[in-house]
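can't give you the sequence, but here's the structure:
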Ligand SMILES: Nc1nc2c(ncn2[C@@H]2O[C@H](COP(=O)(O)OP(=O)(O)OP(=O)(O)O)[C@@H](O)[C@H]2O)c(=O)[nH]1
Ligand SMILES: [Mg+2]
């Protein structure tokens, strides 16, 4: 690194956003989570609209109702990687890394509708400043404790080989994989940050709660 160069900025246009909507949705009674309405808009479409302006390219990862997802106007890819059906979010990471045509990829789940509008900017800054292999968001949960949110994960798109090795050895947990590399945590707990930004909806009741404005 040159003496005067603080860090090489990571331009948002070099990032492909991958929206993970490939789960079973068991806690929603097996519903296709990404197609459940949030304030009248399917969650996956809501997520596309929130993430789209923050990245250069965008794709959806889904395993059911593919034509409905395609109608949202972005590329849709189901799980590959030979892990079998519903192997978990890392199956979506594999799909994303196989399809990504930019230098970086950022994953976002479809069930966390209030995620920050400056998510990518802050993740990319920490990633570049600390010359990391992964940037992972961390945020306060319902109990106020700051915890990693590993489905919000920024990486270089050359991580596919490492991920295939990890998953073919039986690994399924995102944080166990990222722990093999240099990972920076990006805290989203500034006083100005929405406390509910990383609340996710596992049930329909939780989804409806997120639709209502926060009470002071
Ligand atoms: N591609 C893919 N994504 C998944 C898979 N399982 C979970 N995800 C995604 O990972 C994120 C977090 O998963 P969960 O909150 O457990 O969602 P889920 O698995 O659909 O719901 P449950 O069945 O209730 O656990 C969501 O965005 C899911 O869509 C999978 O097998 N494949
Ligand atoms: Mg699950």
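Looks like it came in fine. These numbers come from a predicted model, not from an experiment. Ligands and ions are numbered 1, 2, ... in the order given.

verify the stated contact: residue 148 with residue 175.
Yes: with contact defined as C-beta atoms under 8 Å, residue 148 counts as touching residue 175 (6.3 Å). For every residue, glycine as well, the C-beta is placed using N, CA and C.

now do the shared contacts for those two.
Common neighbours of residue 148 and residue 175 (criterion: C-beta atoms under 8 Å, 6 or more residues apart in numbering): residue 136.

neighbour count winner among those two?
residue 148 (18 against 12; other C-beta atoms under 10 Å).

so which strand or helix has residue 206?
helix 204-211 (DSSP states H and E).

quick one: is that helix near ligand 1?
No: interface with ligand 1: helix 204-211 contributes nothing (C-beta under 6 Å from any ligand atom), its closest point being 10.4 Å away.

quick one: the strands in this structure?
15-21, 37-38, 41-42, 57-62, 76-77, 104-109, 134-140, 146-156, 183-187 (DSSP state E).

and those strands: which comes nearest residue 214?
Among the strands of the chain, strand 134-140 comes nearest to residue 214, with 13.2 Å by C-beta to C-beta.

just checking: what are the partner strands of that closest one?
Paired strands of strand 134-140, with direction, are strand 146-156 (antiparallel), strand 183-187 (parallel) (DSSP bridges).

just say which of those is most tucked in.
strand 146-156 (a mean of 21; mean count of other C-beta atoms under 10 Å).

skipping adjacent residues, who's closest to the closest residue to ligand 1 within the chain in space?
Scanning the chain for the residue nearest ligand 1 gives residue 23, at 2.0 Å (criterion: C-beta to the nearest ligand atom). What sits nearest to residue 23 in space, not counting adjacent residues and going by C-beta to C-beta, 6 or more residues apart in numbering, is residue 33, at 6.3 Å.

looking at it, the one you found is touching residue 110, isn't it?
Yes: using C-beta under 8 Å, residue 33 is in contact with residue 110, at 5.9 Å.

please say which of the two ends up with more neighbours.
Ranked by neighbour count (other C-beta under 10 Å), residue 33 and residue 110 place residue 110 first, with 31 against 27.

where's the more buried one relative to residue 17, distance?
Residue 110 sits 12 Å away from residue 17, going by C-beta to C-beta, to the nearest Å.

and the most centrally placed residue in the chain, what is it in contact with?
The centroid of the chain falls nearest to residue 108 when counting by C-alpha atoms, centre = their mean (1.7 Å). For residue 108, the contacting residues are 17, 18, 19, 20, 47, 51, 115, 119, 151, 152, by C-beta under 8 Å, 6+ apart.

now with 6 Å?
Neighbour list for residue 108: 19, 51 [criterion: C-beta atoms under 6 Å, 6 or more residues apart in numbering].
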